[in-house]
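Q: Provided below for reference: sequence and predicted model.
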Amino acid sequence: MARSLDGLVLAPVADQAPGQVGTRTRFTYHEKDGEIWAEYTGGDVVRGHLVGTREGDRLDFRYVQLKGDGATSSGHCVSTVVELPDGRVRLEESWEWESQVGSGTSVVEQVTAYEH
């Protein structure tokens, strides 16, 4: 199992569709006793939260977010935790909106201190 996500900051490696998370979005993760949660902001996202569970290298969580135009949205995501050769963490994600139509995959990676 890859190391704990607690206290790590991750960012998408590519932009998603307009109005969604993108390379300027930062996720701050927390983990304790199989529970995971995070706050995220940046780009078109004013405020976002996710909450769920971790079993081994599998995360299962739901997310909600507020965009700059005042719209809210929510969805479900399942991620695999991967440890990169340089020691950073990558999450390989499959997500689906529950509040609107759409689904896809994405990758977020741990950022270094100077990339926050």
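A: Noted; the coordinates are in hand.

Q: correct me, but Gly43 touches Thr25?
A: Yes: counting by C-beta atoms under 8 Å, Thr25 is a contact partner of Gly43 at 4.9 Å. (C-beta placed from N, C-alpha, C; glycine too.)

Q: Between the two, which contacts overlap?
A: When contacts are counted by C-beta atoms under 8 Å, 6 or more residues apart in numbering, Gly43 and Thr25 have no shared neighbour.

Q: How about Lys67: what's its closest non-neighbour residue?
A: In this structure, Lys67 finds its nearest non-sequential neighbour in Asp44, 5.3 Å apart by C-beta to C-beta, 6 or more residues apart in numbering.

Q: The one you found reaches Gly70, doesn't it?
A: No: judged on C-beta under 8 Å, Asp44 makes no contact with Gly70 at a distance of 11.6 Å.

Q: tell me, what residue is most central in this protein?
A: Centroid-nearest residue in the chain, with C-alpha atoms, centre = their mean: Phe27, separated by 5.7 Å.

Q: helix or strand for His49, which one?
A: Using DSSP states H and E, His49 falls within strand 45-55.

Q: State the number of residues packed around Pro12.
A: 23 (other C-beta atoms under 10 Å).

Q: Asp44 and Gly70: which has the busier surroundings?
A: Taking other C-beta under 10 Å, Asp44 and Gly70 do not tie; Asp44 has more neighbours (19 against 7).

Q: Torsion angles phi and psi at the more buried one?
A: Main-chain dihedrals, Asp44, degrees, to the nearest 10: phi -80, psi -10.
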